[in-house]
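Engineer: Sequence and computational prediction follow.
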Amino acid sequence: EDFIFPFIRENKKLQSRAHIILKITVVAIGLVCIAMVFIVERLGGVFELSLSLSGITMGTFLGLFTLGMVFPWANAKGALVGTITSFLLMSWMSLGAQHAMASGSFSFPQLPLSVEGCDDINGTQSYNHKHQSGSQLTNPDNSEVFILYRVSFMLYSVVGTLLVLIVGLLVSWVTGFTDPDLLDQRLIVPFMKKYVGKRLKDRIRSEEKVLL
């Protein structure tokens, strides 16, 4: 309702049909959610899927803010190119891995969930088992899958952050570093202020004297 009414505020006819539009929107969203059930069923666990997709943006945004606060020499071009590069590469990695898992050519190894057959269960008593029951867990052979698709989805945020920092600094170096003396010292993290130029340090001291 909050999204629709601002666009139809001046149209009386559409205002009378606003409730119909809202009902149609609710039905459409419900159908999309139902369709997603069948997609998620083929893509693995919901937790794994959510981390894979959220890792695309979380790593990119973390890298962007880290680049701006920790590296005062980075410029706007480096930040833009680094952000776009990280987003595109992480999207390719995540969607490629999901497609490989959906096709059955790739899967993450499953860890055992049972203590049956363990030689030492509680650390004080040992048990000798003459035989082991249950199916043995084997690691799937993922050697034929592209190496970037085999990266754990738990590392997507880390990889995305590093991509922004590396590409952003390289592009900033090629296009010309930003002069840290021209930056507002409030935009730089405290532990990096000792690496900036002398003019900025003098300005910081003068501002501190004014505050005192």
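Structural biologist: Structure received.

Engineer: only C-alpha atoms for contact and neighbour calcs from this point on.
Structural biologist: Noted.

Engineer: What count of nearby residues applies to residue 162?
Structural biologist: Neighbours of residue 162 under the rule other C-alpha atoms under 10 Å: 21.

Engineer: swap in residue 185?
Structural biologist: Neighbours of residue 185 (other C-alpha under 10 Å): 19.

Engineer: do you know how far it is from residue 149?
Structural biologist: Noted for residue 185: a distance of 41 Å to residue 149, by C-alpha to C-alpha, to the nearest Å.

Engineer: For the chain, which element, helix or strand, carries the lowest mean pLDDT?
Structural biologist: Using mean pLDDT, DSSP states H and E, helix 5-8 stands out as the lowest-scoring helix or strand of the chain, at a mean of 61.

Engineer: Spell out, range by range, the helices that occur in this protein.
Structural biologist: 5-8, 12-16, 18-43, 46-70, 76-102, 156-175, 198-211 (DSSP state H).

Engineer: Indicate which one of those is closest to residue 191.
Structural biologist: Closest to residue 191 of the helices of the chain, according to C-alpha to C-alpha: helix 46-70, at 8.5 Å.

Engineer: contacting residues around that closest one?
Structural biologist: 40, 43, 74, 79, 82-83, 86-87, 90-91, 94, 153-154, 156-165, 168, 187-189, 192 (C-alpha atoms under 8 Å, 6 or more residues apart in numbering).

Engineer: From these, keep the buried residues only.
Structural biologist: 43, 74, 79, 82-83, 86-87, 90-91, 94, 153, 156-165, 168, 188 (16 or more other C-alpha atoms under 10 Å).
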